[in-house]
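1. sharing a model that was predicted from the sequence below.
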Protein chains: 2
Amino acid sequence: MDQKHAIAALGALAQETRLALFRLLVTCGPEGLPAGIIAERLGVLPSSLSFHLQQFVHAGLITHRRSSRQLIYSAEYGTMNALLAYLTENCCGRGAACAPVCDPAAGCSDAAPKTTVA
Amino acid sequence: MDQKHAIAALGALAQETRLALFRLLVTCGPEGLPAGIIAERLGVLPSSLSFHLQQFVHAGLITHRRSSRQLIYSAEYGTMNALLAYLTENCCGRGAACAPVCDPAAGCSDAAPKTTVA
DNA sequence: ACACTATTTCGATGATCGGTGAAATGTCCA
DNA sequence: TGGACATTTCACCGATCATCGAAATAGTGT
């Protein structure tokens, strides 16, 4: 994680819709959610959501894969951890006292569909 | 930490000069650094630095105290930790597996002056 | 009170950002 | 192949942001 990536990631997170979006995906785990469902949950236009998702994908905080017609987006925990580590680097002048780590295991309650949604 | 505060904090961090500034202060510990030294280290105009410092103070990520003529700025580790916790809340759908914490102890090598600087 | 230093405030300017709707792209199914 | 669905791309607009220099404020020592 260098400065450019960190700024891209922080800039992606520093917006109302996107922060809610990221926290939603973080909650959902690696299974993620399709774009349509996300737009519905957050109450934003599809074109608007697409714009915000791009920011995250470009920042590496989110990945997407295709499942039939839908695009499933999910959080990139590795990048998230790298960002947190970057922020707390050399914290307080001491060694490595602040090293948050998240290793996703369980999925979202109503996570990505296999064949149908809604 | 609610959404508004988180966005203010993330927005403060999502900028080249400010990110460098925050990481500098995080490294320095609770003793902090005077504004003049920070401006010199980062190579920005005093008026520009003042603008950036305001953002952080408003976001609660930085505090300042006066030492004679100088204003000493230092990182607010509590807010930083709250922000990291907010980002990883309910991570992966599991309980509390991602709870970074930093408790400052040691100071900066050439930290805030008691009476004189430069 | 005065000169000096440290820092902030102010107003102006160019750049970037977020929202919107229409149109384009890609995918599936009959 | 054609029609329906899911999502993205595009161009436009108003709003916000970062930088700058000049001027103002606050504190110190004589």
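-> Arrived safely, thanks for sending.

2. next one, pLDDT for the residue nearest the centre of chain A please.
-> Computing the C-alpha centroid of chain A and ranking residues by Cα atoms, centre = their mean puts residue A:75 first, at 3.5 Å. In the predicted model, residue A:75 carries a pLDDT score of 95.

3. surely it meets residue A:60?
-> No: checked against Cβ atoms under 8 Å, the pair residue A:75 and residue A:60 is beyond contact range at 10.7 Å. Bear in mind the C-beta positions are built from the backbone N, C-alpha and C, glycine included.

4. need the residues of chain A near DNA strand D, please.
-> Applying Cβ under 7 Å from any atom of the strand, one finds that chain A approaches DNA strand D through A:34-36, A:39, A:46-47, A:49-51, A:53-54, A:64, A:69-71, A:117-118.

5. go again using 10 Å as the cut-off
-> Proximity of chain A to DNA strand D (Cβ under 10 Å from any atom of the strand) is limited to residues A:7, A:11, A:14, A:33-40, A:45-54, A:57, A:64, A:66-73, A:112-113, A:116-118.

6. contacts with chain B among those, please.
-> Intersecting the residues of chain A next to DNA strand D with the contacts of chain B gives A:7, A:11, A:14 (criterion: Cβ under 8 Å from any Cβ of the partner chain).

7. the first one - how many residues pack around it?
-> Counted by other Cβ atoms under 10 Å in any protein chain shown, the residues lying close to residue A:7 total 18.

8. isn't it up against residue B:14?
-> Yes: under the contact definition of Cβ under 8 Å, residue A:7 touches residue B:14, with a separation of 5.8 Å.

9. list the buried residues in stretch A:51-59.
-> Neighbour-count burial for stretch A:51-59 flags A:52-53, A:55-56, A:59 (criterion: 16 or more other Cβ atoms under 10 Å in any protein chain shown).

10. now do stretch A:2-20
-> For stretch A:2-20, a neighbour-count test (16+ other Cβ under 10 Å) marks A:5-15, A:18-20 as buried.

11. nearest spatial neighbour of the closest residue to DNA strand D within chain A, skipping sequence neighbours?
-> Using Cβ to the nearest atom of the strand, the point where chain A gets nearest to DNA strand D is residue A:36, with a distance of 2.3 Å. The spatially closest residue to residue A:36, leaving aside those adjacent along the chain, is residue A:70, at 6.6 Å (Cβ to Cβ, 6 or more residues apart in numbering or on different chains).

12. now the one you found. Its backbone dihedrals?
-> Residue A:70 adopts backbone torsions of phi -100, psi 150, taken as degrees, to the nearest 10.

13. and it, how close does it get to residue A:18?
-> Noted for residue A:70: a distance of 20 Å to residue A:18, by Cβ to Cβ, to the nearest Å.

14. repeat that for residue A:55.
-> Residue A:55 is 7 Å from residue A:18, by Cβ to Cβ.

15. what touches both of these two?
-> Among the neighbours of residue A:55, those also in contact with residue A:18 (Cβ atoms under 8 Å, 6 or more residues apart in numbering or on different chains) are residue A:12.

16. I'd say the residue of chain A closest to DNA strand D and residue A:72 touch.
-> No: taking Cβ under 8 Å as the definition, residue A:36 is not a contact partner of residue A:72, at 10.4 Å.

17. neighbour count for those two, which is higher?
-> For residue A:36 versus residue A:72, neighbours defined as other Cβ under 10 Å are more numerous around residue A:72 (20 against 15).

18. what packs against the helix or strand containing the more buried one?
-> Counting by DSSP states H and E, the element that carries residue A:72 is strand A:70-75. Applying 3 or more Cβ pairs under 8 Å, 6 or more residues apart in numbering or on different chains; DSSP states H and E, we find strand A:70-75 packed against helix A:16-28, strand A:33-34, helix A:35-42, strand A:62-67.
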